[in-house]
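> Starting from these lines, generate the structure:
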Amino acid sequence: MSQSTLLEEVVNWSQETCRQQLSSVLPKLTISSHVLAVRLGCWVGILKIITDMFLPHIGLKDVEEFFSKVLPKAVTMFDNLMNEISNQVGGLSSQNTELRTILRNILQATVQIIEVMSACVRHVCSFEASPDLDAIRSLPSCVLKVIKHTFQHCKESEEVYCGRLSLVADLLQGLFKEAYSLQKGLMELLDGSVKHQACVEQHLRHGDISCCLGDNLLACLRTCLELGEQITLTGPQGNQSCGAGDERQEMTLCTEYKLFQKNTKMCRFFANTLVHYIKEFNSFLSKYCGHFHQLYLQITSLFPPSLSAVGLPPPLSEELSVAALLPMDALLVQLLPLRPFAEVVLGTDQQRSVEWQLPQCLLLVSTLGHLAPQPEETLQLWHQGSRFPEETPRLPIYQAVMNAFRLCCTERLVPVLLPGVMTKGQAQGRVSLHHHVCVHLCASVAALPPAYLPALEHCLLGAVLQADSQTALLATDVWCFTARYGTAELCLQHTLLIAQLVKVCASGVYQSSHLGLLLRRIVFLMTPSHQMELVERFPPSRAENLPVWRHGLLRALSPDACHRLRADITALTQQALDGWRDGGYRLGQVDRVNTALRALQVVVRGEPPPEGESMLAAGRIVAQLWSRMCPVQVEAHPVLQCTLRWLLSITARLVKAVDHNVISQFLASLGKVFLPHDSQSQILPQLSSLFGSLLAERSWLVHQHALEAFAHFAEITNHEVVISHSLSAEETKATVVNYLSKTVNAQEAGERRLDRLKTESSAIEQNNRRLEMDKDGAPHRSTPPCPKRARQESSREEEYSRYVQMAESALKALQALGTQDTATTAPSPPPPPPQWLEAKLQELQALIAGISPGPRST
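This is a model prediction of the structure:
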């Protein structure tokens, strides 16, 4: 019987006939499979007949004999096919349809060979008893050779197909899938022992393959970006060969766009291939997690809203994003369970380039969105951070998000915009980075298991207490959501904790400001009964609790709590004022009055009816304080300047309830500051130099304050010479003139503005770090100041100088008042000096004589 006749007959046999004729027919088919099968399709067909019809009837004791005769020849044929592709691919093009068909047939044959080997693996796995490796020794070696050659071919596909990958990308994708399915089956057969894994890794070198796939993806992506820039510059707007119509229709006629599409397909192929590869072989890729992390950051940095992204037309950007950026989300999901990946992403000591700060932040935010369905082990890995010294240090993910957001200072200043979340089936449009991160953080908190709430609270508190105000605001937003989303008891416990921190935190430090903002907002979320409990825990009638209530807003409280707060703070302020009076109005007791005044401001800001009891009491307090304000003392003592500041703020709210004569007497006594002639030569040049340097300052914040201060100074000063000397520089003079005339400056160029924002971001971060560090480099602690300061040797001389200057200033003012009265030319003469003035001057002369320094005793 001829070989062709035998094949035609065997194809029509039943499974039972194949089993019966196995020993007589199989040797003939095996010989024909590598002697008579000249044509490719015939050879692969014979191989499939053998494995499909006869292999299922071969037992374990005979299977190695079959494998040793068939599989090595299959490997040889597979290698020959791959070499044939390399030899023929140089002429591949969309016009050469004949060669394209040949190469596609060869690739289909390679896929069928891998399918044959998969059938061999499945047959061995079907045996009841696990076979010894000696009984199937030909199978693993042949399978590994085919898998290695396949992965190597896919890895080098960009170089092999020389930009013509899109013509065979579908078959390469199928080839790769069959290959990693074959490896998965082989690993199940080998039972996944460490010894066998090491053997597979030695043969396949997964790290090299996955890293090369990532490099090819980046190379194709950069090529697409370069082509996209060419389309932007010379495409639809400037290329006359492009037809009319909308932007996408115009671009389809451009040569650059066709190349762009081909490279986009290659990006999609490499990205999807990498994702599938990691999905199947992630157990081999733990030590390459750093490379995958870097790849994610690199790809994300090439797309908006990254500041280093290339500006492409929206259709191109969307098309490329679907091909390269979208698979990164699937890549992230595959990497989440890997501890090495969590360690590299959440590492405590990482130095990244500025361009990667935003991608790192977005990676962490995206990770939060994928954690909810993960198993408990993965949740612990990301939420708890490292807990033991032997672990690689890593931060909890919430802390890592806050740190990453803080480092995106430039992006917040620009500001960059991101897609909003879907609401009722529609996107919210573009939102700020703060909004984007906040929404995803809150969504993560809503799905957070209760076991990880302490870790969240710890991270939020740390973020509130750090120096960057916008990061503290983000933490405040998330904290308020947590308190509102949780139970009322949880909100109460959080409020009590925050209130205690506010109480012990020194005033004037950034931590106090951040905690005060959080306290103001979280009190709104409390139930009325819990608000009363807060008042009972921190009674406003006690001076040590006033730091808590000076941050509160009355409209946030229930009527009962509001009435209690008003009454207690007003009474305590009156007690502080009475104590100051009874103590002889000494400066040492003014701090207590100032603390009470700052809390009293909360009462008057609550907008109660003007005739309310607390408002009337506050009006009486203000009237008493105004009567004690002496301009000379206020000028000399900073503590009284603080008193005046609070007094002015409160009076602005109580202007209808305060005696106007008391206020006007003080304000009239201030007058305008005039420097004596003997001091002008020393002070005015320095003042001009100071104004000039501040007006020339490059920092926009300092420059703006300088303009405001100089405009106010120029409006009221008697020393016009300072104005001209301060504006000696033409650029400074032009800036001031534009400010005074409200001229809008020209818009800053994009690149120049971005460079300035980067410089300012660096300065802001340096200032934040300085605030968080003491002079010796230790972390800053917001501890209350010591009750007394160590006495300094030079303070005695400074006190003498200060009091002498105060006396001299008062006497000169008195002298100027008398001179003004005698020199007036008004029609009606001024009132004569008071009768008690002469007697008082004599007392002052005696007092001066009494304090004249005499000889020192030895």
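> and H435, how many neighbours?
For H435, the neighbour count with other C-beta atoms under 10 Å is 18. For the C-beta atoms, the positions are set from N, CA and C on the backbone; glycine is no exception.
> Who's the closest spatial neighbour of it, skipping the chain neighbours?
G420 (7.4 Å; C-beta to C-beta, 6 or more residues apart in numbering).
> Tell me how many other residues crowd the one you found.
A count of nearby residues for G420, using other C-beta under 10 Å, gives 16.
> That one contacts C438, correct?
No. Look at G420 against C438 with C-beta atoms under 8 Å: they stay out of range, at 11.5 Å.
> one step back: next one: phi and psi at the residue nearest to H435?
The phi and psi torsions at G420 (degrees, to the nearest 10) take the values phi -80, psi 160.
> what do you get for the one 10 residues further on?
Phi and psi for R430, reported as degrees, to the nearest 10, are phi -90, psi 140.
> Tell me how far it lies from L474.
According to C-beta to C-beta, to the nearest Å, R430 stands 18 Å off from L474.
> Could you do V160 as well?
In terms of C-beta to C-beta, V160 sits 49 Å off from L474.
> cool, and H57?
Taking C-beta to C-beta, one finds H57 at 68 Å from L474.
> Then G290?
28 Å.
> Neighbour count: these two, which is higher?
Legend: neighbour count by other C-beta under 10 Å for G290 and L474, higher for L474 (24 against 14).
> correct me, but the more buried one touches F405?
Yes. Applying C-beta under 8 Å as the test, L474 and F405 come out as touching, 6.1 Å apart.
> Identify the contacts common to the two.
434, 437 (C-beta atoms under 8 Å, 6 or more residues apart in numbering).
> Chain neighbours aside, what residue packs nearest to L218?
Distances taken as C-beta to C-beta, 6+ apart place Q298 nearest to L218, at 6.2 Å, with adjacent residues excluded.
> Now do the strand or helix carrying that neighbour: everything it contacts.
Counting by DSSP states H and E, the element that carries Q298 is helix 289-301. Contact partners of helix 289-301, identified using C-beta under 8 Å, 6+ apart, comprise 207, 210-211, 214, 217-218, 221, 278, 285, 306, 308-309, 324-325, 328, 331-332, 335, 338, 340-341, 343-345, 352, 355-356, 358-360, 362-363.
> In contact with L572: list those residues for me.
Applying C-beta under 8 Å, 6+ apart, the residues contacting L572 are 540-543, 546, 596, 599.
> helix, strand or coil for it?
Following DSSP: H, G, I helix; E, B strand; the rest coil, L572 is assigned to helix.
> Any regions of the stretch 651-800 of the chain where pLDDT drops low?
In the predicted model, the stretch 651-800 of the chain carries pLDDT under 70 at residues 655-679, 682-683, 744-747, 774-799.
> change it to 50
Scanning the stretch 651-800 of the chain for pLDDT under 50 picks out the ranges 667-672, 775-779, 781-794.
> mind listing the helices for it?
With helices called from DSSP state H, counting those that start in this stretch, the stretch 651-800 of the chain shows them at 660-670, 677-695, 700-716, 720-726, 730-740, 750-771, 795-823.
> same check, this time on the stretch 351-500 of the chain
With helices called from DSSP H, counting those that start in this stretch, the stretch 351-500 of the chain shows them at 357-371, 376-383, 397-407, 409-413, 433-446, 453-464, 469-485, 488-504.
> Residues contacting the shortest one from elsewhere in the structure, which ones?
Put plainly, it is helix 409-413. 305, 307, 354, 357-358, 432-434, 468, 470, 754, 757-758, 760-761, 764-765.
> now that helix: mean pLDDT?
The average of the pLDDT scores along helix 409-413 is 92.
> quick one: it to chain centroid distance?
Distance of helix 409-413 from its chain centroid, counting by C-alpha atoms, centre = their mean, to the nearest Å, is 10 Å.
> Could you do the first one as well?
Averaging C-alpha positions (C-alpha atoms, centre = their mean) puts helix 357-371 9 Å from its chain's average.
> next one: the third one
Using C-alpha atoms, centre = their mean, we find the averaged C-alpha position of helix 397-407 to lie 5 Å away from the chain's own average C-alpha position.
> Against which helices or strands is that helix packed?
For helix 397-407, the contact count by 3 or more C-beta pairs under 8 Å, 6 or more residues apart in numbering; DSSP states H and E identifies helix 357-371, helix 376-383, helix 433-446, helix 453-464, helix 469-485, helix 750-771 as packing neighbours.
> which parts of it are buried?
For helix 397-407, a neighbour-count test (16 or more other C-beta atoms under 10 Å) marks 397-407 as buried.
> got it, and the last one?
Buried residues in helix 488-504, counted by 16+ other C-beta under 10 Å: 491-492, 494-495, 498-499, 501-502.
> CSV please, covering those and showing pLDDT and distance to K733.
Listed next are those as CSV, based on pLDDT from 0 to 100; distance: C-beta to C-beta, whole Å:
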residue, pLDDT, distance to K733
C491, 94, 57
L492, 95, 60
H494, 95, 55
T495, 94, 54
I498, 95, 50
A499, 94, 52
L501, 94, 50
V502, 92, 47
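> would you list those in a markdown table and tack on distance to Q294?
Output for the buried residues of helix 488-504, formatted as a markdown table (distance: C-beta to C-beta, whole Å):
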| residue | distance to Q294 |
| --- | --- |
| C491 | 42 |
| L492 | 46 |
| H494 | 39 |
| T495 | 43 |
| I498 | 40 |
| A499 | 45 |
| L501 | 39 |
| V502 | 43 |
